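# pasting the sequence and the predicted coordinates here, then a few questions.
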Amino acid sequence: MDLLNLFLNHNKLAMNDIIRLSGVPKSSAHRMVGSLMDMGFLTKDADGVYALGLLFLQFGNLVAERLDIRNVAAPAMLRLRDAIDEAVHLAVRDGDFSMYVEKLDTDHPVRLFTKIGRKAPLYAGASSRILLAFMPDAERERYLSEVRLEKIGDGTIVSMDKLRETLALTRKTGYSFSRSELENYTAELCAPIFDHAGRMAAGLSIAGPEVRFGEDRLPELIRTVKQTAHDISRKLGYAGPPIAP
């Protein structure tokens, strides 16, 4: 593992580099590298330089395919729900819409009624807009050039200029917040979840009556939701830093 770990930061290494960086004796390094090649973990090119073998690609694809984001996110979503006593949602992109694929409700007597499978256009609501904001640039521009912004709730953004400004701010701050965009008198706060390749995987949101998302409470809610989303991202293999501020 000490030898394999060297390739986390180096694409290719010569034998002398492996010996120097690992501190392993020359004879031992040659023996271990030979074993790793026999097992398919390392390959050697015509110049005698070593790289990780395709076996890692096979294992990596299996891990990615078998990783259910709902199962990975569930423990963190439960902790988040219990900590803030608001409904917690996990949303993914479905074409030009967002869709809730998991939800944890709250026992609060006044709460927001949503359900798994609910869809919303990508421009409306915090969960939708987080997916739109962190979409690949070309896909986002395609969507923005074709979409027709229609009013759904009193707070729905129907100005393209304002939508673009909001998306830019979301990418900068790492969260999206909406008030009365899909339903009047409701609020939603969402942060992005990234996968092992740094791609947008889902949005983690909290939602409830607008009166419980006052300016005095928002900073702590933002910090908590962003941190929880980052924790889930790390479990998916994301190695990047949290989005500041």
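Looks like it came in fine.

# tally of neighbours for Gly203?
The number of residues packed around Gly203, counting by other C-beta atoms under 10 Å, is 31. Where C-beta positions appear, they are placed from N, C-alpha and C, glycine not excepted.

# which of the three states applies to it?
Of the three states, Gly203 takes strand according to DSSP: H, G, I helix; E, B strand; the rest coil.

# try the one 3 residues further on
Taken by three-state DSSP, the conformation at Ile206 corresponds to strand.

# what are the contacting residues of the longest helix seen in the chain?
Counting by DSSP state H, the longest helix found in the chain is helix 218-235. By C-beta atoms under 8 Å, 6 or more residues apart in numbering, the surrounding residues in contact with helix 218-235 are 69, 72-73, 76-77, 79-80, 83-84, 174-175, 177, 189-195, 201, 203-206, 213, 238, 240, 242-243.

# same question, stretch 5-12
Contacts for stretch 5-12 (C-beta under 8 Å, 6+ apart): 13, 17-18, 21-22, 45, 49-52.

# list the buried residues for it?
Phe7 (16 or more other C-beta atoms under 10 Å).

# how close does the residue lying farthest from the centre of the chain get to Phe7?
Distance from the C-alpha centroid of the chain peaks at Ser27, with 43.7 Å (C-alpha atoms, centre = their mean). From Ser27 across to Phe7, the span is 21 Å (C-beta to C-beta, to the nearest Å).

# same question, Asp68
28 Å.

# list the ones among the contacts of helix 218-235 that fall in helices.
Going by DSSP H, the helices hold 69, 72-73, 76-77, 79-80, 83-84 from the contacts of helix 218-235.

# ok, of those, which one's closest to Val147?
The closest of the ones in helices among the contacts of helix 218-235 to Val147 turns out to be Ile69 (C-beta to C-beta; 25.9 Å).

# residues in contact with the closest one?
Ile69 neighbours (C-beta under 8 Å, 6+ apart): 90, 92, 101, 193, 201-202, 232, 236.

# per-residue pLDDT, it?
Per-residue confidence (pLDDT) for Ile69: 88.

# and Asn9, by the same measure?
In this model, Asn9 is scored at 83, pLDDT.

# what about Val33, which helix or strand?
Applying DSSP states H and E as the criterion places Val33 in helix 26-38.

# list the strands paired with the helix or strand following that helix, with their directions.
Of the helices and strands lying after helix 26-38 in sequence (DSSP H and E), the nearest is strand 42-44. Sheet pairing of strand 42-44 (DSSP bridges) gives strand 50-52 (antiparallel).

# buried ones in the partner strand, by neighbour count?
50, 52.

# distance between that strand and the chain's centre?
Chain-centre distance of strand 50-52: 29 Å, with C-alpha atoms, centre = their mean, to the nearest Å.

# before we move on, what about stretch 207-225?
So, by C-alpha atoms, centre = their mean, the centroid of stretch 207-225 is 21 Å from its chain's centroid.

# now do stretch 180-193
Distance of stretch 180-193 from the chain centroid (C-alpha atoms, centre = their mean) equals 18 Å.

# let me see the mean pLDDT of it.
95.

# if we can go back for a sec, among the contacts of stretch 5-12, which two are most distant?
Maximum distance among these (C-beta to C-beta): 19.8 Å, for Ser22 and Asp45.

# closest to Asp2 among the contacts of Ile69?
The nearest one, if we look at those relative to Asp2 and count by C-beta to C-beta, is Leu236, at 25.9 Å.

# what sits against the residue nearest to Asp2 when sequence neighbours are not counted?
Once flanking residues are discounted, Asp2 sits nearest to Ser22: 5.5 Å by C-beta to C-beta, 6 or more residues apart in numbering. Residues near Ser22 by C-beta under 8 Å, 6+ apart: 2-3, 6, 29.

# give me the domain ranges for the chain.
2-64, 68-235 (automatic domain parsing).
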